[in-house]
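Student: Next input, structure requested:
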Amino acid sequence: MIKVPINPKILQWAREERNRISIEILAERMKRDPLEIEMWESGKDSPTYGQLEDLAYKYLKIPLAVFFFPDIPDIPDPLKKLRRLPDYEWERLSEDTLQKIRLAQAYQDSLAIIAKDYIGKKIFKDIKAEGMSAAILANKVRKYFNITLKEQFSFKSTRSAFNRWRHIVEERGIFTFKDTFKDKFISGFCLLDNNYPVIFINNSNSFSRQIFTLMHELGHILTGVNGITDIDESYLDYLNERDKVLEIFCNEFASQLLVPDESFEEAISLFEKHGVGIVGEIATQYSVSREVVLRRLLNKGVISESLYLEKTSEWNRDFLRHAKDKAGGNYYLTRLAYLGEGFTKIAYAQYSKGQIDQPELAHHLNIKAKYLDNLLGIVR
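Tutor: Numbering: from 1, shown residues only. The predicted structure follows:
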């Protein structure tokens, strides 16, 4: 196998500083001898191109081209942007989630290259949350989205509902990505940027939960604060007052956006007649989770906070108990679902116009070059 000379200092930096893992851990994941990794980092040996792709895309989550830089790049660590979680939450985050955050930043770096000519709407430029209540902001965003209750009630499933909401968000300038998280308690996160804010969603969750996460993180972007969200709301009790108020605001914004006041009186009447047992039926009508409906009932003063906490805690325990990785399916369709329609189309358009070549396209799409033709066959 042909070996590819790299800057060994970059490899050591990516392992130690960006990923905070030992040589032994990296070697175990790659199924290599630790001495081989040491040889790469000392410059006495080099990985093959295939091994380099694995290092870039699978293990260290940095652009492949960075391995050839003459000096260590000045790339800000995105983890510092998300230091709003309480310490106990950070301590239980796995390396998998930390890598997802770095991957999101890599997608932002790609967008700065492939989407620099993007001229569509940008909701984060057109709407600012400052000075607005959650209800007013939700109403303003819903009008900006131009989606009616008639359309929302016509969704055939929560999957189709999520795809529609995601398409609307991407059409308005925010790129969204998905992946399966090992940390089941993390719903998703967002990273701000002046031009390319992104939302990253845990695909392990139900589609109704993904919809709420999408809108919750949108709330973070419109308030100008990076966010990472836990499924269990008990983490709010460990936040400082300012961050707690913000999380509650984003929850209320997402709930009001998905279940607007104009139609909720009928749902309240149904609840008062049938009790908690009707919540699932109401949730199905709006293509949202039961928690969203219960939160709206709480905000309206229909139920007590103790009932809300009791039921949401029960439902979250059930979810975490039964959550499993989604396996199987078509690899390429899954990759496209994870990358999102907006990002994939822009990358492919740049490739079609000759602005980037195949290796660059593979880098932006975060896949190995040998898989590119099969993926492009679906995109075309």
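Student: Please work out which helix or strand belonging to this protein has the smallest mean pLDDT.
Tutor: Counting by mean pLDDT, DSSP states H and E, the chain has its least confident helix or strand at helix 87-92, which shows a mean of 69.
Student: after it comes which helix or strand?
Tutor: For helix 87-92, the following helix or strand on the C-terminal side (DSSP states H and E) is helix 95-114.
Student: how distant is the next helix or strand after that following helix from the center of its chain?
Tutor: Later in the chain than helix 95-114, the nearest helix or strand by DSSP H and E is helix 123-126. Distance, stretch centre to chain centre, for helix 123-126: 19 Å (Cα atoms, centre = their mean, to the nearest Å).
Student: Show me what helix 123-126 is packed against.
Tutor: Contacts defined by 3 or more Cβ pairs under 8 Å, 6 or more residues apart in numbering; DSSP states H and E place helix 123-126 against helix 134-145, helix 207-223. All C-beta spots, glycine's among them, are computed from the backbone N, C-alpha and C.
Student: Including distance to residue 72, could these go into CSV?
Tutor: Putting the helices and strands packed on helix 123-126 into CSV (distance: least, Cβ to Cβ, whole Å) gives the following:
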stretch, distance to residue 72
helix 134-145, 41
helix 207-223, 30
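Student: Of those, which is nearest residue 294?
Tutor: Across those, the minimum distance to residue 294, taken as Cβ to Cβ, is reached by helix 207-223, at 11.9 Å.
Student: contacts for the next helix or strand after the closest one?
Tutor: Using DSSP H and E, the helix or strand that follows helix 207-223 in sequence is strand 227-230. With Cβ atoms under 8 Å, 6 or more residues apart in numbering as the test, strand 227-230 has contacts from 82, 84-85, 89, 101, 185-190, 213, 216-217, 219-220, 247, 250.
Student: Buried residues, the next helix or strand after strand 227-230. List them.
Tutor: Downstream of strand 227-230, the first helix or strand assigned by DSSP H and E is helix 241-258. Residues of helix 241-258 classed as buried by neighbour count (16 or more other Cβ atoms under 10 Å): 243, 246-247, 249-258.
Student: could you say what helices and strands the helix or strand just after helix 241-258 packs with?
Tutor: Moving toward the C-terminus from helix 241-258, the next helix or strand (DSSP H and E) is helix 261-274. The contact analysis (3+ Cβ pairs under 8 Å, 6+ apart) places helix 261-274 against helix 279-286, helix 290-299.
Student: and residue 44, which of those is closest to it?
Tutor: Within the helices and strands packed on helix 261-274, the stretch nearest residue 44 is helix 290-299; the backing value is 55.4 Å (Cβ to Cβ).
Student: now the angle from the closest one to helix 134-145?
Tutor: Interaxial angle of helix 290-299 relative to helix 134-145 (axes from the mean of the first three to the mean of the last three Cα atoms, to 10 degrees): 130 degrees.
Student: avg pLDDT for helix 290-299?
Tutor: Helix 290-299 carries an average pLDDT of 93.
Student: I'd like to know which elements it is packed against.
Tutor: helix 207-223, helix 241-258, helix 261-274, helix 279-286, helix 305-322.
Student: residues of the fourth one that come out buried?
Tutor: Applying a neighbour-count criterion of 16+ other Cβ under 10 Å, the buried positions in helix 279-286 are 279, 282-283, 285-286.
Student: quick one: it to helix 241-258, angle?
Tutor: 70 degrees.
Student: Thanks again, I'm all set now.
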